[in-house]
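> here is my input, please return the structure:
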Amino acid sequence: MVELDVYRGVIILAVVLHHLTGLALRHAAAGSSLREGLMVLNRSSHFVVPAFLFLTALVLTRSALRRFHLGTYVRSRFQKVLVPYLFWTVAYVGFRVLTGQDPPAVLGDLDRWRVWLQYGKGYFHLYFLLIALQFSLILPLLLPLFRRRPRFSWVLAGAGGLQLLVYLLNRAGVLHFRFPATMVLWYVPVLALGMSFGSQDMPFERFWHRWRLWIVAATLLTFAWYVPLSVALLQGAPVSSAAYSLANWSYTTAASLALLGLARALTRGPGWLMRTLTSLGTVSLQVYLLHPAVLLYLERLGFPGNPAQFVLVLVAYGLLALAVPLAVARLLAGTQVAQWVFGR
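Model prediction:
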């Protein structure tokens with residue numbers, strides 16, 4: 001479906017924006033309007049990983065319900081998720097050493113390797129692949145439930161209740177999640193809704209036409225709830241863990257649905273825009289995996305002190321962070337190297 005590639009294109013732009021504003025915050029003057037704007041943009045784009053997980057659940061569920069053979073599924077997940085995860089963990093650990101972020105001695109530290117692999121900490125963005133891997137392991141267990149095509153309202157209520165239970169069990173020390181955001185159980189609502197849409201015969205367009213006003217309203221309301229809390233936390237203010245988590249789950253789930261509606265609308269927009277987003281969407285994983293390395297070198301070039309010039313440089317850095325991975329993706333397209341390091 002074209003709208004799914006458009007969706008990937010929109011989300012990967014938001015990913016680059018999120019990481020770009022994150023590094024810019026380290027250089028913007030404290031108390032400036034520029035810094036305030038960067039904080040809002042950075043916290044507003046926290047939907048990116050949940051949105052990608054929503055799409056992953058939708059696509060995998062739709063494919064598995066059409067035809068599922070366990071051996072074929074395991075081989076596919078091995079090549080598309082496990083091998084890239086292991087490769088990029090090793091590659092980024094080496095990158096950290098080569099760029100002076102870690103001393104060479106860490107390469108022989110087995111405890112560090114355990115943390116890197118167990119929690120997706122080889123580099124700050126690799127936890128997405130770890131969560132996708134975890135979801136791949138539990139998907140076959142959930143298929144019997146979604147073969148029954150449960151109603152959207154039941155899935156939403158059940159996912160919300162399960163997510164709250166996970167939070168309470170972790171808070172009580174029963175689950176002992178060292179890094180909750182790297183665990184698949186921290187994303188129950190978006191994964192459950194992705195599976196729900198992947199299991200339905202009803203086109204998303206019909207669902208969107210009926211519920212779009214409610215989804216947009218929920219996105220705006222939860223945005224107004226979550227972003228101030230998140231910005232306050234970023235500034236070091238005390239924030240309730242329960243309020244923050246509930247706001248985060250609510251906002252990222254609503255935004256994931258709203259963005260799929262937006263992607264559907266963009267397919268009827270200007271041809272150049274749809275082609276650009278579709279092209280980005282087809283190589284979104286390549287951009288996701290490569291752009292942090294580009295951003296590290298760009299950050300070391302620094303930023304000018306003038307706010308207007310700062311913004312222009314930031315935009316230029318963003319374009320370069322997209323251009324380099326796109327060039328690499330095009331260079332490796334169709335090769336065996338791409339099959340193993342990107343899984344496609």
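
> how about the helices in the stretch 1-150 of the chain?
For the stretch 1-150 of the chain, the helices defined by DSSP state H, counting those that start in this stretch occupy 2-25, 33-44, 48-66, 70-77, 83-98, 110-119, 127-147.

> could you dump those helices to JSON lines with distance to residue 274?
In short, each C-beta sits where N, CA and C put it, glycine included. Shown next, in JSON lines, are these (distance: least, C-beta to C-beta, whole Å):
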{"stretch": "helix 2-25", "distance to residue 274": "6"}
{"stretch": "helix 33-44", "distance to residue 274": "24"}
{"stretch": "helix 48-66", "distance to residue 274": "17"}
{"stretch": "helix 70-77", "distance to residue 274": "29"}
{"stretch": "helix 83-98", "distance to residue 274": "28"}
{"stretch": "helix 110-119", "distance to residue 274": "38"}
{"stretch": "helix 127-147", "distance to residue 274": "25"}
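
> now do the same contact list for the residue most central in space within the chain.
Centroid-nearest residue in the chain: residue 49, 1.7 Å away (criterion: C-alpha atoms, centre = their mean). Contacts for residue 49 (C-beta atoms under 8 Å, 6 or more residues apart in numbering) come out as 127, 128, 131, 187.

> ok, and the closest non-adjacent residue to the second one?
Spatial nearest neighbour of residue 128, excluding adjacent residues (C-beta to C-beta, 6 or more residues apart in numbering): residue 49 at 5.4 Å.

> any idea how far that neighbour is from residue 56?
Per C-beta to C-beta, to the nearest Å, residue 49 is found 10 Å from residue 56.

> over to residue 66?
Distance, residue 66 to residue 56, by C-beta to C-beta: 16 Å.

> measure the closest residue in space to residue 107 that isn't next to it in sequence to residue 123 for me?
In this structure, residue 107 finds its nearest non-sequential neighbour in residue 97, 6.4 Å apart by C-beta to C-beta, 6+ apart. Noted for residue 97: a distance of 12 Å to residue 123, by C-beta to C-beta.

> the two: which has the busier surroundings?
Between residue 97 and residue 123, residue 123 has the larger neighbour count (other C-beta atoms under 10 Å), namely 20 against 15.
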